[in-house]
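[1] next come a sequence and a model predicted from it.
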Amino acid sequence: MAMLMWKHGEEAMAKVSSLLHESYEHVSEVG
């Protein structure tokens, strides 16, 4: 169970990380 939660957490972090990276690049372009 803990491993499942860990795996899900890793996926969520990767998703958030990529979203932040995309928005950061967008802001850099605009700026």
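    Cool, the structure landed.
[2] can we go C-alpha only for contacts and neighbour counts from here?
    Will do.
[3] tell me where this structure has helices.
    With helices called from DSSP state H, the chain shows them at 2-30.
[4] poorly predicted segments of this protein, please.
    Counting by pLDDT under 70, the chain shows low-confidence ranges at 1.
[5] recalculate using a threshold of 90.
    Scanning the chain for pLDDT under 90 picks out the ranges 1-7, 26-31.
[6] give me the neighbour count for Arg5.
    Wrong residue type there; residue 5 is Met, not Arg. By other C-alpha atoms under 10 Å, the residues close to Met5 number 10.
[7] what about Trp6, how many residues nearby?
    11.
[8] residues contacting it?
    If you count contacts by C-alpha atoms under 8 Å, 6 or more residues apart in numbering, Trp6 has none.
[9] that one and Ala14: what is the separation?
    To Ala14, Trp6 is 12 Å away according to C-alpha to C-alpha, to the nearest Å.
[10] likewise for Met3?
    For Met3 relative to Ala14 (C-alpha to C-alpha), the value is 17 Å.
[11] same deal with Glu22?
    For Glu22, the distance to Ala14 - C-alpha to C-alpha - is 12 Å.
[12] do Gly31 as well
    Gly31 is 25 Å from Ala14, by C-alpha to C-alpha.
[13] have a look at those two and say which one is more surrounded.
    Ala14 (12 against 6).
[14] contacts only, for Glu29.
    Listed by C-alpha under 8 Å, 6+ apart, Glu29 has no contact partners.
[15] many thanks, we can stop here.
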